[in-house]
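Asks: what's the 3D shape of this:
(2 chains)
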2 protein chains.
Amino acid sequence: MFLKCESLQRMGAFKFRGAFNTIAQIPAETRRRGVVAFSSGNHAQAVALVARMHGVPAVIVMPSTAPPAKLDATRGYGAEVVFYDRAGEDRDAMALRLARERGLTLIPPFDHPDIVAGQGTAALELFEETGPLDALLVPCGGGGLLSGSAIAAQVMAPTCRVIGVEPEAGDDGNRSFASGRLERVEHADTIADGARTPSLGPLTFAVIRRHVSAMTVASDAELIAAMRFVWERMKLIVEPTGVLGLAALMAGRVHLRGRRVGVILSGGNVDLTRVREWMAG
Amino acid sequence: MFLKCESLQRMGAFKFRGAFNTIAQIPAETRRRGVVAFSSGNHAQAVALVARMHGVPAVIVMPSTAPPAKLDATRGYGAEVVFYDRAGEDRDAMALRLARERGLTLIPPFDHPDIVAGQGTAALELFEETGPLDALLVPCGGGGLLSGSAIAAQVMAPTCRVIGVEPEAGDDGNRSFASGRLERVEHADTIADGARTPSLGPLTFAVIRRHVSAMTVASDAELIAAMRFVWERMKLIVEPTGVLGLAALMAGRVHLRGRRVGVILSGGNVDLTRVREWMAG
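Replies: Now for the predicted structure:
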């Protein structure tokens, strides 16, 4: 089994890849005016960091209920944080208005070719190191990492089965994959906060339908068991969303004994105050 | 700054190195009868694992009050655990008796040339990767890692200042270094459980006096701050003892700004149930 540790990526998650690729493609004149994103998670920090690396302003739209740690991290990378009130204007509309008023470029969280291409470089690098694999397990939220990984596999290891893994409580991608229609699961109750996205996007879904072999899920209990294993035995901090692939494997949701399997550990940004809750007992 | 992450070493700490080197030097006929060690910490797990790798029995003498997690880990590597009662026979006497009765070879925790030589390979590998360094910060308990590192520095980087770091509450090595006599600090009250050793050994002290440039300390609060930094920002699990060197640097106990500095992160075996205590607030 080969783990691609995106927890050790800059800002602690694969999201850096898509943000970098997307922001680097913006014409310099346009980029100079700045970028905007809506996110309270790793995408926010990725956009903030990459904007700083390019010396351009970043505005991040966050819910007013975002945890202070995420706020601090995003501001720590130099971004301006603008709050939206869940009761009032919706965040997409707000981000679009900010983009228009200030000439900012909107950096979407997953459903964009440059984002997908950037995220796919994680799997690309893994295949470069490991050579052909029989299967690759990839966490799935909005599907940016999964669709990018599937495209990378097509080129680097065409016989590799690419399997997307979602939290059990937020299995919209599994449902969409089964029905052939874009299904939604709102407000998924799971500790995998990076995969609570209510649905795939039209682009990521199209790529996933075409190039992904199967979808599966992992329960929160399975995520905790996998996370605990990685923390205790591998000495690596990974976040709940990050162990989706490993959890599915350890829990026997997929059967790959004796196979060469790649697993993307997608991130390591954890609220350490929640550790006792996860690791007790 | 260059970190040597012995937290990622087999069984989670540098202790594997000394145990392996020592057990590998025992003549095969003698080794076949087995090995014995007294330890409730990383040395126990190291001896247990290395014995299993050589296919020979290991007996570990532990206090009857040892935490269940350490017991399980040591038994998990296939060792027999024998308890001593702190009130009765002392553990050294008990280990020696077991050695005599069963023909076992005693594997000392630090004060032995083969142990020192083994531990020193951590610094040796670091210098091989980094080339010359201006300073190297090394955690110090019984002094095996520190004395081995100092010998490695003599050969690989003769102008490198090697600095030993102890917990503030267990500063026997600092005292011995200053006075020129082997000083003791009993029952040091510190979270750095790998460095509560009451004193250096005659051998490690002789090497440290000759080849170590300076000794310093880090407080428990400084250890927690450094540990938190490594967990949160570097996504690596390190144990309190493991960050002694980094804590001394971050707390300004040593002044090495602008220098090429090596730091040995000596281990990552942590009781995760204590995390909230360390990381709260």
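
Asks: CA only for contacts and neighbour counts going forward, please
Replies: Noted.

Asks: what packs against the one helix or strand A:A153 maps to?
Replies: Assigned by DSSP states H and E, A:A153 belongs to helix A:144-156. If contacts are counted by 3 or more CA pairs under 8 Å, 6 or more residues apart in numbering or on different chains; DSSP states H and E, helix A:144-156 sits against helix A:113-130, strand A:135-139, strand A:161-167, helix A:202-211.

Asks: rerun at 6 Å
Replies: Here helix A:144-156 touches helix A:113-130, helix A:202-211, going by 3 or more CA pairs under 6 Å, 6 or more residues apart in numbering or on different chains; DSSP states H and E.

Asks: got the domain boundaries for chain A?
Replies: A:2-11+A:112-279, A:14-106 (automatic domain parsing).

Asks: highest mean neighbour count out of these?
Replies: Counting by mean count of other CA atoms under 10 Å in any protein chain shown, domain A:2-11+A:112-279 has the highest mean neighbour count of the domains of chain A, with a mean of 21.

Asks: nearest to chain B, out of the helices and strands packed on helix A:144-156?
Replies: helix A:113-130 (17.7 Å; CA to the nearest CA).

Asks: packing partners of the closest one?
Replies: Against helix A:113-130 (3+ CA pairs under 6 Å, 6+ apart) you get helix A:15-25, helix A:144-156.

Asks: give me the mean pLDDT for that helix.
Replies: For helix A:113-130, the mean pLDDT works out to 98.

Asks: ok, back up a step: which of the domains of chain A has the lowest average pLDDT?
Replies: domain A:14-106 (a mean of 92).

Asks: anything in it near chain B?
Replies: No - using CA under 6 Å from any CA of the partner chain, domain A:14-106 stays clear of chain B, coming no nearer than 10.6 Å.

Asks: off-centre distance for that domain?
Replies: 16 Å (CA atoms, centre = their mean, to the nearest Å).

Asks: wait, A:L145 touches A:Q119, no?
Replies: Yes - assessed by CA atoms under 6 Å, A:L145 is found in contact with A:Q119 at 5.0 Å.

Asks: sorry, back to before: export the helix holding A:A153 as CSV, just CAs?
Replies: Taking C-alpha atoms only, helix A:144-156 is exported to CSV below (Å, rounded to 0.1, in the frame of the first residue of the first chain):
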residue,chain,number,x,y,z
GLY,A,144,-12.1,17.8,-7.6
LEU,A,145,-9.4,15.5,-6.2
LEU,A,146,-11.2,12.4,-7.4
SER,A,147,-11.8,13.6,-11.0
GLY,A,148,-8.2,14.9,-11.3
SER,A,149,-6.9,11.6,-9.9
ALA,A,150,-9.0,9.6,-12.3
ILE,A,151,-7.6,11.6,-15.3
ALA,A,152,-4.0,11.1,-14.0
ALA,A,153,-4.7,7.4,-13.7
GLN,A,154,-6.0,7.2,-17.3
VAL,A,155,-2.6,8.4,-18.5
MET,A,156,-0.2,6.9,-15.9
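
Asks: quick one on the thing from earlier: now the helices and strands packed on helix A:113-130 as TSV including distance to B:A153?
Replies: Shown next, in TSV, are those (distance: least, CA to CA, whole Å):
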stretch	distance to B:A153
helix A:15-25	38
helix A:144-156	44
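
Asks: out of the ones you listed, flag the one nearest B:G252.
Replies: Smallest distance to B:G252 across these (CA to CA): 32.3 Å, for helix A:15-25.

Asks: hang on, A:V275 in a strand?
Replies: No - counting by DSSP: H, G, I helix; E, B strand; the rest coil, A:V275 falls outside a strand, being helix.

Asks: so how far is B:A225 from it?
Replies: A:V275 sits 17 Å away from B:A225, taking CA to CA, to the nearest Å as the criterion.

Asks: mind telling me what element A:M215 is part of?
Replies: strand A:214-218.

Asks: can you check A:A95 too?
Replies: Going by DSSP H and E, A:A95 is in helix A:91-102.

Asks: next secondary structure after that helix?
Replies: Where DSSP H and E defines the elements, the next helix or strand beyond helix A:91-102 is strand A:105-106.

Asks: just checking, what packs against that next one?
Replies: strand A:35-38.

Asks: how about the CA coordinates for the strand it packs on, as PDB?
Replies: Provided in PDB are the C-alpha atoms of strand A:35-38 (Å, rounded to 0.1, in the frame of the first residue of the first chain):
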ATOM      1  CA  VAL A  35      -9.000  36.700  -6.000                       C
ATOM      2  CA  VAL A  36     -12.100  35.700  -4.000                       C
ATOM      3  CA  ALA A  37     -13.300  32.400  -2.800                       C
ATOM      4  CA  PHE A  38     -16.100  31.100  -0.500                       C
END
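
Asks: what strands line up against it, and which way round?
Replies: strand A:58-63 (parallel), strand A:105-106 (parallel) (DSSP bridges).

Asks: let's have these in TSV, adding distance to A:L3.
Replies: Output for the strands paired with strand A:35-38, formatted as TSV (distance: least, CA to CA, whole Å):
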stretch	distance to A:L3
strand A:58-63	31
strand A:105-106	32
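
Asks: residues of the stretch 101-250 of chain A that sit close to chain B?
Replies: A:K235, A:L236, A:I237.

Asks: so the second one touches B:L236, yeah?
Replies: Spelled out, that is A:L236. Yes - counting by CA under 6 Å, A:L236 does reach B:L236; the two are 4.8 Å apart.

Asks: list the neighbouring strands of the helix or strand harbouring A:G262 plus their orientation.
Replies: For A:G262, the host element (DSSP H and E) is strand A:261-265. Strand pairing for strand A:261-265, using DSSP bridges, gives strand A:2-5 (parallel), strand A:135-139 (parallel).

Asks: next, format those strands as TSV and append distance to A:P113.
Replies: Below are the strands paired with strand A:261-265 laid out as TSV (distance: least, CA to CA, whole Å):
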stretch	distance to A:P113
strand A:2-5	22
strand A:135-139	18
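
Asks: out of the ones you listed, the one nearest A:R100 is which?
Replies: strand A:135-139 (33.2 Å).

Asks: got the CA coordinates for the closest one in CSV?
Replies: What follows is strand A:135-139, C-alpha atoms only, in CSV (Å, rounded to 0.1, in the frame of the first residue of the first chain):
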residue,chain,number,x,y,z
ALA,A,135,-6.3,0.4,-7.3
LEU,A,136,-6.3,4.0,-6.1
LEU,A,137,-8.5,5.1,-3.2
VAL,A,138,-9.4,8.8,-3.2
PRO,A,139,-11.5,10.9,-0.8
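
Asks: what angle separates it from strand A:161-167?
Replies: Counting by axes from the mean of the first three to the mean of the last three CA atoms, to 10 degrees, strand A:135-139 lies at 30 degrees to strand A:161-167.

Asks: now the angle from strand A:135-139 to helix A:113-130?
Replies: Using the same axes, to 10 degrees: strand A:135-139 against helix A:113-130 is 140 degrees.
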